[in-house]
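A.B. asks: The sequence isn't on hand, but the structure is:
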């Protein structure tokens, strides 16, 4: 998931982009965002912002900041609106985990749905392992000419 974020998704991103991540708990949404942060060269450890809801990671170079949002604990679209994410949308890459409601923030967005296999035995040496299926759906004119490479 980290490599998908850093090698496939991040090179296509620019300031103003909205990335929505959906998937079950443990599917790899935060890990993918860690890959994005590493490739974008932002400050700070990218960790799940579940309890603080949103965290901004400033760019250490010429690239955009990364705004990382976890909408899991939000109860409504109004609560998402209260975060004033639209104030940073033009200047940063905004990633919203559990972000179905965030689709209203921009007509131009990239939506990644991450599915992880269920059942079977868990490898306790690598509990985050296992196969994932990622479906990438682009919305809006921004993404019409973008061809994301395959991993």
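C.D. replies: Nice, I can see it. Keep in mind that what you see is a predicted model, and the values were worked out from it rather than measured.

A.B. asks: Centroid-nearest residue for this protein?
C.D. replies: With distances taken as Cα atoms, centre = their mean, residue 95 lies nearest the centre of the chain, 3.8 Å away.

A.B. asks: helices and strands of this structure: which one bottoms out on pLDDT?
C.D. replies: helix 77-82 (a mean of 52; mean pLDDT, DSSP states H and E).

A.B. asks: looking at it, residue 32 is touching residue 112, isn't it?
C.D. replies: Yes: with contact defined as Cβ atoms under 8 Å, residue 32 counts as touching residue 112 (7.2 Å). Any C-beta I mention is one placed from the backbone N, CA and C, and that applies to glycine too.

A.B. asks: How about residue 94, nearest residue that isn't a chain neighbour?
C.D. replies: With sequence-adjacent residues excluded and distances taken as Cβ to Cβ, 6 or more residues apart in numbering, residue 94 is closest to residue 67, at 4.5 Å.

A.B. asks: if we can go back for a sec, sheet partners, orientation included, of the helix or strand where the residue nearest to the centre of the chain lies?
C.D. replies: In this structure, residue 95 sits in strand 92-97 according to DSSP states H and E. Counting by DSSP bridges, the strands paired with strand 92-97 are strand 18-23 (parallel), strand 65-70 (parallel).

A.B. asks: that older thread, so what's the residue nearest to the residue nearest to the centre of the chain when sequence neighbours are not counted up against?
C.D. replies: Spatial nearest neighbour of residue 95, excluding adjacent residues (Cβ to Cβ, 6+ apart): residue 19 at 4.6 Å. By Cβ atoms under 8 Å, 6 or more residues apart in numbering, the residues touching residue 19 are 9, 13, 36, 93, 94, 95, 96, 109, 110, 111, 112.
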